[in-house]
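1. pasting the sequence and the predicted model now:
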Amino acid sequence: MNRDRDNPRSGGRLMDMVPHLILMLGVLIFAFPIYVTVIGSTWDAATIGRGNLPLTPGGEMLNNYASAWSESQGNRVMHTPVRIMMWNSLVMALVIALGKIAISIISAYAVAFFRFPLRMVFFWMIFITLMLPVEVRIIPTYEVVANLGLIDSYAGLTIPLIASATATLLFRQFFLTIPDELVEAAKIDGAGALRFFVDVVLPLSRTNIAALFVILFIYGWNQYLWPLLITNSAEMETVVIGITKMIGNGEAATDWNLIMATTVLAMLPPVAVVVLMQRWFVKGLVDSEK
Amino acid sequence: MQRRVIFDNRALPYLLLAPQVAVTLIFFIWPAAQALWQSVHLQDAFGLRSQFVGLENFQAVLSDPNYLETVKTTIVFSASVTFLSLVSALGLAVLADAKIRAAAAYKTLLIWPYALAPAVAAVLWMFIFNPDIGILGRALNNLGYAWDYRLNDGQALTMVILAASWKQVSYNFIFFLAGLQAIPRSVLEAASIDGAGAVRRFWTITFPLLSPTTFFLLVVNIVYAFFETFGTIHALTHGGPGKATETLIFRVYQDGVVNHDLGGSSAQSVILMVIVIALTAIQFRFVERKVHYS
């Protein structure tokens, strides 16, 4: 990542400062809303409601986080405890990420390492799902899920988002680069297809799996339209949906302190995943989409 | 494409494919077919009877002045989001790619907004620009500018555009940075020895070499603006005031879920599918071409 690029004719000191200033401005524009939110989560509702939020931390931090985390009622809003919503988001993100990786790695293996009747039909059937994001077929997909009795269930929340072609294509692409010699050697040693998958292909795919996991975890955690449709009960609400329900009409007389604490909590897991796994995340993104 | 050496096993490949094929059939192919079917039928209010009406639903949708207004809003919204997030990401990537101190720190600080949900990004913007409690929203009003995006059409559209672009910059930034790092340094050095300044080097070398990345991002950003910004709009403005921030996808939701107009909503879904298929086709033709020449 860090390749040097000298400018042989660099200008004066002032010119050297300009990129820093612009980059800092960029960072500031990204950081400022977060900063205000974190500060807001440390004050009481009345201070924020009056519109005089100071730019320094207040003393209500522990109170706000504790009541957002475990209580279901603030002064003015009813809400599902964040503890429950975070759990739902976590289940959703993990099931989507792991489920998608599991079913697409085996289907890519089938398409890449076998030759069988209808191979290309299946491949294209999976491939065209690239063109049908859940948003464009939202109503009929909802009907299917409703008919299967999966409304308000983890299955309804996750399974329809699990099948998609990107992961399959990425794994297939990678499998095609595995040298033929490796496969031949395995066959000579008497290893079958499953043995080869477990002992050779899975270990080789580690990096790809890690990279995909990061992207899919964030994808699952951040879903909005689908959980909005598919969950009705408060017990099944995800945290991203929960925040916007708490805001309601966005009046000044809202428990903004609790909302801000909830927002901070809702951002933490995906941001932590990106920052901690930056290397894999960037690799996965650039590999899978380009 | 196919490997030379393969396993010969009859049942196994079908077993391995089964889960993905099952999910695809049930949750992709079947609903998509359903959408096509509904788009040419008219259902009574209880969904008990339906009648084939041909292209009437499409006719109704496309001749509805409200729908055309939504198309206009979507175009303004998508074009603005794409342009704003591409240009600012390119600028930041060029600067972060240069040899400066703390480049790695800047990269980390600029990449993380990718992790935010579009709806959460909207909430962050709301805290700041809310006319009652937001720091900047109140500041605007104190300066004598009547700011209330909940009442003013233009301000509402500006808000959703800025919030949606803000969130997308980091994604574009990653790709531009990767593209910039793939440009051979020797080419830039040669140009620099020939006396080309930084601006000239950018326009004659860097920018043309980045054009595949830019094109790819153009398509991805349009798709993002069309579909993934539902959360941003739903959380910030609910499509309002009036219908000022209602995009095509928001309307599919509104007509289908809120107003129970299945035929109309399905016709709109089919129109959106055609748009996605066109965009995907463009992207793949382009990716193919790129593969051939690389």
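-> Now that the structure is in, tell me what you want to look at.
2. any chance you could map the strands in the chain?
-> This is for chain A. Under the criterion DSSP state E, chain A contains no strands.
3. sorry, I should have been clearer: chain B.
-> Going by DSSP E, chain B shows strands at B:41-43, B:50-52.
4. so what does the last one touch, helix or strand wise?
-> Just to be clear, that refers to strand B:50-52. strand B:41-43 (3 or more CB pairs under 8 Å, 6 or more residues apart in numbering or on different chains; DSSP states H and E). (C-beta placed from N, C-alpha, C; glycine too.)
5. list the pairing partners of the strand it packs on within its sheet, with orientation.
-> Take DSSP bridges as the rule and strand B:41-43 pairs in its sheet with strand B:50-52 (antiparallel).
6. in the partner strand, what counts as buried?
-> Buried residues in strand B:50-52, counted by 16 or more other CB atoms under 10 Å in any protein chain shown: none are found.
7. one more: stretch A:61-78?
-> Applying 16+ other CB under 10 Å to stretch A:61-78 flags A:61, A:64-65, A:67-69, A:74, A:77 as buried.
8. can you give the distance of it from its chain's centre?
-> 26 Å (CA atoms, centre = their mean, to the nearest Å).
9. can I get that stretch in PDB? Just the C-alpha atoms.
-> The C-alpha trace of stretch A:61-78 is given here as PDB (Å, rounded to 0.1, in the frame of the first residue of the first chain):
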ATOM      1  CA  MET A  61     -22.900   8.900  29.800                       C
ATOM      2  CA  LEU A  62     -23.300   5.900  32.000                       C
ATOM      3  CA  ASN A  63     -26.900   6.500  32.600                       C
ATOM      4  CA  ASN A  64     -27.700   6.900  28.900                       C
ATOM      5  CA  TYR A  65     -25.900   3.800  27.800                       C
ATOM      6  CA  ALA A  66     -27.300   1.700  30.600                       C
ATOM      7  CA  SER A  67     -30.900   2.700  30.000                       C
ATOM      8  CA  ALA A  68     -30.600   2.400  26.200                       C
ATOM      9  CA  TRP A  69     -28.900  -1.000  26.600                       C
ATOM     10  CA  SER A  70     -31.400  -2.700  29.000                       C
ATOM     11  CA  GLU A  71     -34.600  -0.600  29.400                       C
ATOM     12  CA  SER A  72     -37.500  -0.400  27.000                       C
ATOM     13  CA  GLN A  73     -38.800   3.000  27.900                       C
ATOM     14  CA  GLY A  74     -37.200   6.500  28.000                       C
ATOM     15  CA  ASN A  75     -39.000   9.600  29.200                       C
ATOM     16  CA  ARG A  76     -40.800  10.000  25.900                       C
ATOM     17  CA  VAL A  77     -40.100   7.000  23.600                       C
ATOM     18  CA  MET A  78     -40.800   3.300  23.900                       C
END
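10. which residues are in contact with that stretch?
-> By CB atoms under 8 Å, 6 or more residues apart in numbering or on different chains, the residues outside stretch A:61-78 that reach it are A:41-42, A:45, A:79-83, A:234, A:246, A:248, A:253-255, A:257-262, A:265.
11. what's the PyMOL line that selects buried ones from the residues you listed?
-> Remark: buried members of these, expressed as a PyMOL selection using 16+ other CB under 10 Å:
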select buried, chain A and resi 41+42+45+79+80+81+82+246+254+255+257+258+259+260+261+262+265
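12. check the contacts of stretch A:61-78 against chain B, which are close?
-> Near chain B, judged by CB under 8 Å from any CB of the partner chain, the entries from the contacts of stretch A:61-78 are A:259-260.
13. so which of the contacts of stretch A:61-78 are in helices?
-> Counting by DSSP state H, the contacts of stretch A:61-78 place A:45, A:82-83, A:246, A:257-262, A:265 in helices.
14. which pair in those spans the largest distance?
-> A:Ala45 and A:Arg83 (20.3 Å; CB to CB).
15. can you tell me which residue is spatially central in the chain?
-> With no chain named, the answer covers chain A. In chain A, the centroid-proximal residue (CA atoms, centre = their mean) is A:Ile218; its distance is 1.0 Å.
16. nope, chain B
-> Closest-to-mean residue, chain B, CA atoms, centre = their mean: B:Tyr224 / 1.0 Å.
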